[in-house]
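Novice: Quick one, fold the following:
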Amino acid sequence: MKKEKQATGYDKYINWKIFIIPVVLLFAVLLMPTPYGMKDVGTEFKVGPKAVVNHITRELFGTNSSDAEQWQLLTAKMMEQNMRLGALQKDRFLKRDISWCKKYKMGTNQQNFNKAHEYIKTNVAENNFLVVMENALNVRKQRLKYEDLTGKDKKAADKGAWQIKVAIAMGLFVVVCFLTECIPLPAVAFCIGLILVFTGVISRNEVAMLYWSDACWFIMGSLMFAAAFVKTGVDKRVCLMIFKKLAVPNTKWITLIFFLIIAPLAAFISDHALAAMFLPIGMLLYQNSLTNEIPEDKELAKLLMISIAMACNIGGPGAPSGGARNVIMMTYLTDMFGVDIGYFQWVTYCFPFVIVMIPITWFITNLRFRPKIVSLAPAMDQLKMEIDKMGGWNRKQIWALIIFVIMVFGWFTEKAFFNMGIYPIRLGIGVIAVAGAIAYILTGVVNWRDYQERVDWGVVWLYAGAIIFGRTLDSTGAAYWLARSVIDFLAQFGMDAGLPLMIVSNGLTSILTNLMADGPAAAS
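Specialist: Numbering: from 1, shown residues only. This is a model prediction of the structure:
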């Protein structure tokens, strides 16, 4: 009797015996009584900003926020936002511009901004400014109590606490679904949006917009250009150029080259861009290594893809340009402790970490994954034969490479060129990626059928769901509540200072950054 093939990946149907576990956990958390800690954080997030703005207008202008002039209200809002970012110094306030105000949705005009800026500059001394900010921080974190709230403020705090509870319940649901794969993973991404809408955390219009962020466009565009590379054979040429000098092209040396090339670059170049660049090469190496005897080798696939991902991750801390988390920490060091670390000084502190982690991560990765196919020499020989059959570079391959180079150049420079005034608008890496994918169609490199068949659209939706999940943890205050609750609990055991605090803090951050983007996790 012929053995039935086991369903894998997207072929799987829902496993209700396991899926009932995350469903029960979801409803159990939603139906439990709301802890006071959640109400406290809900108060801080939902009522705190209004209370702080009102406190600042009274301190500076002797009037309530409801009676303040527009420029006075703008001054208080700018100070409140600076306080949330940990920027308590006067000079940090004076460095803000009107674009910064618009970024944080402070409706204003240049005239009111100039009035606010000039007032703080000429009428508020550095020491007085710091006192006002510290008092405002004390209002939000200490003097504002849930039990003292009434009317609309109490309703707002209750809503904030409910949103935190939803975020925590959703977190349990998502993590268990991911770990057990009891439901197709792209379906989990849609469950995230449905949970948020059904529980009233966000509206139907907001959830639709959240699914299509710049990051999602980047993932989609990256998979589309990878499809163009594979179709034209450019991936084969690039792969051979990188690995042709290897005398023994086995998995250990190929993954080592991945680490040696990607990790240092990730300190200066977007890790997303690097992962997108090396994705086609990893896919090619895997596909060309399979044989009739070994038609599938999951361990090899994991080894190649996780090596690329880990190389991007360990390179990120090497330089300030390696990720948002680095810039956030540099800003906090300056704002909260007066420690001003420059670009080069950061590199001297952190790049040794990258150098040390390259061999360690390479060793652990190869120790963890044991593929059946060890030698990739047959794959490299096959590549040479296929490239020989191609002959010289044809028109489609040349266009594919030109567009890719322009796209990578755009990824590396769009932010810097916008800040320098060269680009009139901020494009974002997602828009550039999709523009490159459309350019492949306009030049005749691919047609839409190629994208439809070669792009894993489930990955795009999975990434979109993960983005929404992380943003919800951040915006509702759930990540902050989680961090505060853990540290408050461990403080009872004397782990709120020194090395124990560092261990707790690092461990908690490492957990959070697996659930949300690294920038918000670092901020939380």
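Novice: Can you list the low-confidence ranges for the stretch 251-400 of the chain?
Specialist: Counting by pLDDT under 70, the stretch 251-400 of the chain has low-confidence residues at 270, 321, 324, 331, 335-338.
Novice: swap in the chain?
Specialist: In the prediction, the chain carries residues with pLDDT under 70 at positions 1-9, 247-248, 270, 321, 324, 331, 335-338, 516-517, 519-520, 523-524.
Novice: quick check: longest helix of it.
Specialist: Counting residues, the longest helix found in the chain (DSSP state H) is helix 151-180.
Novice: Correct me if wrong: Ala275 contacts Asn313.
Specialist: No - at 9.6 Å, Ala275 and Asn313 do not qualify as touching, with contact defined as C-beta atoms under 8 Å. No exception for glycine: its C-beta is placed from N, CA and C like everyone else's.
Novice: Which helix or strand contains Leu223?
Specialist: Using DSSP states H and E, the element containing Leu223 is helix 214-232.
Novice: Met502 is in contact with Leu490, correct?
Specialist: No - Leu490 is beyond contact range of Met502, at 12.0 Å (criterion: C-beta under 8 Å).
Novice: So which of those two has more stuff around it?
Specialist: Each of Leu490 and Met502 had its neighbours counted (other C-beta atoms under 10 Å), and the higher figure belongs to Leu490 (17 against 11).
Novice: Now do the contacts for that one.
Specialist: Taking C-beta atoms under 8 Å, 6 or more residues apart in numbering as the contact definition, Leu490 lies against 496, 500, 504.
Novice: Against Leu473, how distant is Ile183?
Specialist: From Ile183 over to Leu473 the distance is 21 Å, taken as C-beta to C-beta, to the nearest Å.
Novice: With neighbour numbers in mind, choose between the two.
Specialist: When neighbours are counted by other C-beta under 10 Å, Leu473 comes out ahead of the other of Ile183 and Leu473, with 26 against 20.
Novice: I'd say that one and Trp481 touch.
Specialist: No - at 9.5 Å, Leu473 and Trp481 do not qualify as touching, with contact defined as C-beta under 8 Å.
Novice: Can you point out the buried residues in the helix or strand Asp388 falls within?
Specialist: Here Asp388 is covered by helix 377-390, with elements defined by DSSP H and E. Of the residues in helix 377-390, 379-380, 383 count as buried by neighbour count, 16 or more other C-beta atoms under 10 Å.
Novice: So what angle separates the directions of the next helix or strand after that helix and helix 214-232?
Specialist: Proceeding C-terminally, helix 377-390 gives way to helix 395-419 as the next helix or strand, assigned by DSSP H and E. Here helix 395-419 points in a direction 160 degrees away from that of helix 214-232 (axes from the mean of the first three to the mean of the last three C-alpha atoms, to 10 degrees).
Novice: what's the angle between helix 395-419 and helix 377-390?
Specialist: Between helix 395-419 and helix 377-390, the angle formed by their directions is 110 degrees, by the same axes, to 10 degrees.
Novice: which parts of helix 395-419 are buried?
Specialist: Within helix 395-419, the residues that qualify as buried are 396-397, 399-401, 403-404, 407-408, 410-412, 414-415, counting by 16+ other C-beta under 10 Å.
Novice: Switch those residues over to JSON lines; also include distance to Lys302.
Specialist: Shown next, in JSON lines, are these (distance: C-beta to C-beta, whole Å):
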{"residue": "Lys396", "distance to Lys302": "32"}
{"residue": "Gln397", "distance to Lys302": "30"}
{"residue": "Trp399", "distance to Lys302": "33"}
{"residue": "Ala400", "distance to Lys302": "28"}
{"residue": "Leu401", "distance to Lys302": "29"}
{"residue": "Ile403", "distance to Lys302": "30"}
{"residue": "Phe404", "distance to Lys302": "26"}
{"residue": "Met407", "distance to Lys302": "28"}
{"residue": "Val408", "distance to Lys302": "26"}
{"residue": "Gly410", "distance to Lys302": "31"}
{"residue": "Trp411", "distance to Lys302": "27"}
{"residue": "Phe412", "distance to Lys302": "29"}
{"residue": "Glu414", "distance to Lys302": "33"}
{"residue": "Lys415", "distance to Lys302": "33"}
